[in-house]
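Novice: only geometry, no sequence info:
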């Protein structure tokens, strides 16, 4: 079914049956765990660990009919939401720690 399914499955993602609805479903691949301790390339290694799975998602969306620029913009927006959630959680945890000390 187009570029995504053949390219994604060639890299190891499994294609799942959607019951004939035309939806492209890809199985999630394992993500390499981070190195132990502090590593100078940890951020780059995280990007590499996420790269194939993120590419699979993007290619599946394009194969489903979304334009590449829509997919890229949506991924950026979703990543922003993830970061905002992380920051909000950290702020909440700091506030709780202060309140617990009182």
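Specialist: Arrived safely, thanks for sending. Keep in mind that what you see is a predicted model, and the values were worked out from it rather than measured.

Novice: in the chain, which helix or strand is least confident?
Specialist: helix 2-10 (a mean of 41; mean pLDDT, DSSP states H and E).

Novice: for the helix or strand harbouring residue 60, which positions count as buried?
Specialist: Assigned by DSSP states H and E, residue 60 belongs to helix 42-63. Across helix 42-63, burial judged by 16 or more other Cβ atoms under 10 Å covers 52, 53, 56, 57, 58, 59, 60, 61, 62, 63. Backbone N, C-alpha and C define where each C-beta goes, glycine included.

Novice: Same question for stretch 71-85.
Specialist: Per 16+ other Cβ under 10 Å, stretch 71-85 contains these buried residues: residue 71.

Novice: Now do that stretch: everything it contacts.
Specialist: For stretch 71-85, the surrounding residues in contact (Cβ atoms under 8 Å, 6 or more residues apart in numbering) are 54, 57, 58, 61, 62, 66.

Novice: what's the distance between the fourth one and residue 52?
Specialist: Computed with Cβ to Cβ, to the nearest Å, the distance linking residue 61 and residue 52 is 15 Å.

Novice: mind checking the SS state of residue 32?
Specialist: coil (DSSP: H, G, I helix; E, B strand; the rest coil).

Novice: So for it, what's the nearest residue that isn't a sequence neighbour?
Specialist: Leaving aside its sequence neighbours, residue 32 sits nearest to residue 49 (Cβ to Cβ, 6 or more residues apart in numbering; 4.6 Å).
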